[in-house]
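[1] mind looking at a prediction? Sequence and model below.
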Amino acid sequence: MKYTLLAVSSITYAMKAKKLLNGMGIFCEVSKTPKNLASGCGYSVRIRDNPDYVTGILEKNGIAIKGRRTVEM
């Protein structure tokens, strides 16, 4: 299974992103950001959907993405 981590600037933005995406029917979870992905608070939103689509939704709602990594499980 493949998923993408989208690093955000704070736990507040991670929780806001989760609420927004789950409300739209897009599965996501908040998780710790790997140290080599981005600096900052250390939280990411983990998604399985198209990362370009989800990033667009988040940025349109004022949630900036600080880093992005696709991971194969």
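    Structure's in. What do you need? Residues are numbered from 1 along each chain as shown.
[2] what are the ranges of the helices in this structure?
    11-23, 51-60 (DSSP state H).
[3] looking at those, which is buried most?
    When the helices of the chain are scored by mean count of other CB atoms under 10 Å, the highest mean neighbour count falls to helix 11-23 (a mean of 17). Every C-beta, even on glycine, is put in place using the N, C-alpha and C of the backbone.
[4] for it, name the packing helices and strands.
    Where contact means 3 or more CB pairs under 8 Å, 6 or more residues apart in numbering; DSSP states H and E, helix 11-23 is packed against strand 28-32, strand 43-47, helix 51-60.
[5] can you give the distance of stretch 10-23 from its chain's centre?
    Distance of stretch 10-23 from the chain centroid (CA atoms, centre = their mean, to the nearest Å) equals 8 Å.
[6] ditto for stretch 43-58
    In this view, stretch 43-58 has its centroid 5 Å away from the chain centroid, taken as CA atoms, centre = their mean.
[7] what sits up against that stretch?
    Contacts to stretch 43-58, defined as CB atoms under 8 Å, 6 or more residues apart in numbering, come from residues 1-8, 10-11, 14, 17-18, 20-21, 24, 26-33, 37-38, 64-65, 67-68, 70.
[8] averaged pLDDT, it. What do you get?
    Averaged over stretch 43-58, pLDDT sits at 95.
[9] output the lowest mean pLDDT helix or strand found in this protein.
    Ranking every helix and strand in the chain by mean pLDDT, DSSP states H and E puts strand 67-72 at the bottom, with a mean of 88.
[10] could I get the buried residue list for it?
    Within strand 67-72, the residues scored as buried using 16 or more other CB atoms under 10 Å are 67-69.
[11] give me the number of residues near the nearest residue to residue 16 once chain neighbours are set aside?
    Of all residues beyond its chain neighbours, the one nearest residue 16 is residue 63 (6.2 Å), with distances taken as CB to CB, 6 or more residues apart in numbering. Per other CB atoms under 10 Å, the neighbour tally for residue 63 reads 21.
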